[in-house]
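1. okay, predicted coordinates and the sequence, questions at the end:
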Amino acid sequence: MGSFNHLQEQILKLKREKNALVLAHYYVPLEVQDVADAVCDSFAMAQKAAKAREELIVICGVRFMGESAKILSPEKTVLLPSLDAGCPMADMVTPEDVLRLRAQHPRARVMCYVNSSAAVKAVSDVCCTSSSALRIARALDCEEIIFAPDRHLGAYVAAQVPEKTFWLHDGFCPTHHRVTEADVLAAKEAHPEAVFAVHPECGDDVVKHGDLVGSTAEILDFARKTQAPQILIGTEREIVERLRRELPEKKVYGVGGAFVCPNMKKVTLQALYECLRDEKYKVELPEDELTAARRSLDQMVKS
Ligand code: SF4
């Protein structure tokens, strides 16, 4: 990370003046990550916000990430820099969809990926992250599980937990879904010495080639620790950029041409600057929704 540009300096000044905590997701632009107090996965952001002394929290990420932070810190002011940075996968499932699946499979418990709205979390039994999904599916005291919204993560978990029956909602992440097996095979052919770390939001024909299948934080950890001099990354482009900067001695390559989440790129330095300056956009949730969603998140931590 070089020296800060003018806008970054302005952001750092505002952050100090307002005693704000700025947390960034790994997929927002690196120049935004560089002015954050911490860069992490979505649930880790919510947990850090809850533990922090600061009362003003800025979540540099998409809407459901701001909601998760608000659910764990209802007494704090939680801001999102970009109002229209949503997550298409989270938007694919509604509370009504979950209730319909519950009615169809009354013996099943509902497990929902944290990449979902507060309203969907509120009608679920337990949440999971990509790194805790397997553990939670195994630990749930039931024989049937409704998994929403990511059908790819759900299928990955179902394949490893064959003793349970899974009912999958058919949502998916358009960014991870776009990568094909042909992209992976082409990258492996071009870099035959490389190991492949992939996110389980990709399809099973992509995931099956992974030397490591894991969350963003797990992919970063794997890349740092592997002895392999070349690494193929099967997740969002900003991770490739981050690793190239962090590990100049290794060769890091992305797979697929356009592995970019356009919503995460809406969280620009300008948007963050205006967010801190004007204290917008505040995340607000109805009390009952917040309480019910909190139950599902707490259940995840306890499981
Ligand atoms: S990468 Fe996919 S799951 Fe993550 S915010 Fe973007 S669309 Fe949603």
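-> Okay, I see it. Residues are numbered from 1 along each chain as shown.

2. what's the spacing between residue 72 and residue 41?
-> To residue 41, residue 72 is 14 Å away according to Cβ to Cβ, to the nearest Å. To be clear about C-beta, it is placed using only N, CA and C from the backbone, and glycine gets the same treatment.

3. thought residue 133 was touching residue 153?
-> Yes. Contact criterion Cβ atoms under 8 Å: residue 133 and residue 153 qualify, at 6.1 Å.

4. shared neighbours, these two?
-> Applying Cβ atoms under 8 Å, 6 or more residues apart in numbering, one finds that residue 133 and residue 153 are jointly contacted by 113, 200.

5. which of the two has more neighbours?
-> residue 153 (28 against 25; other Cβ atoms under 10 Å).

6. what residue, apart from its backbone neighbours, is nearest that one spatially?
-> Leaving aside its chain neighbours, residue 153 sits nearest to residue 200 (4.9 Å; criterion: Cβ to Cβ, 6 or more residues apart in numbering).

7. give the contact list for the one you found.
-> 130, 133, 152-153, 156-157, 207, 213-214.

8. state the pair within those that is farthest apart.
-> Spatial extent of the contacts of residue 200 (Cβ to Cβ) is set by the pair 152 and 214 at 13.8 Å.

9. more neighbours: which of those two?
-> Comparing residue 152 with residue 214 by other Cβ under 10 Å, the one with more neighbours is residue 152, at 22 against 18.

10. and stretch 62-69, C-alpha only, in PDB?
-> Only the C-alpha atoms of stretch 62-69 are listed here, as PDB (Å, rounded to 0.1, in the frame of the first residue of the first chain):
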ATOM      1  CA  VAL A  62     -23.500  -4.900   0.300                       C
ATOM      2  CA  ARG A  63     -26.900  -4.400   2.100                       C
ATOM      3  CA  PHE A  64     -27.200  -7.700   3.900                       C
ATOM      4  CA  MET A  65     -23.800  -7.100   5.500                       C
ATOM      5  CA  GLY A  66     -25.000  -3.800   6.900                       C
ATOM      6  CA  GLU A  67     -28.100  -5.600   8.200                       C
ATOM      7  CA  SER A  68     -26.100  -8.300   9.900                       C
ATOM      8  CA  ALA A  69     -24.000  -5.700  11.700                       C
END
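
11. flag every buried residue along that stretch.
-> Within stretch 62-69, the residues scored as buried using 16 or more other Cβ atoms under 10 Å are 62-69.

12. and this structure, which residues reach the ligand?
-> For the chain, the contact set with the ligand under Cβ under 6 Å from any ligand atom comprises 27, 62, 87-89, 115, 173-176, 236, 261, 263-264.

13. all strands of the chain, in order?
-> Taking DSSP state E, the strands of the chain run over residues 20-25, 38-40, 56-60, 77-79, 109-113, 126-128, 144-148, 165-168, 195-198, 212-213, 230-234, 251-254.

14. CA atoms of stretch 199-210 as CSV?
-> C-alpha atoms of stretch 199-210 as CSV (Å, rounded to 0.1, in the frame of the first residue of the first chain):
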residue,chain,number,x,y,z
HIS,A,199,-15.3,-20.7,-3.1
PRO,A,200,-18.2,-23.1,-2.7
GLU,A,201,-20.6,-20.5,-4.2
CYS,A,202,-19.2,-21.8,-7.6
GLY,A,203,-21.0,-24.7,-9.3
ASP,A,204,-20.0,-28.3,-8.5
ASP,A,205,-18.3,-28.8,-11.8
VAL,A,206,-15.9,-26.0,-10.8
VAL,A,207,-15.6,-26.8,-7.1
LYS,A,208,-14.7,-30.5,-7.8
HIS,A,209,-11.3,-29.3,-9.2
GLY,A,210,-10.4,-27.4,-6.0
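
15. now that stretch: mean pLDDT?
-> Averaging pLDDT along stretch 199-210 gives 98.

16. need the contact list for the nearest residue to residue 205 once chain neighbours are set aside.
-> Excluding the flanking residues, the one nearest residue 205 by Cβ to Cβ, 6+ apart is residue 181, at 4.1 Å. Residues near residue 181 by Cβ under 8 Å, 6+ apart: 203, 205-206, 209.
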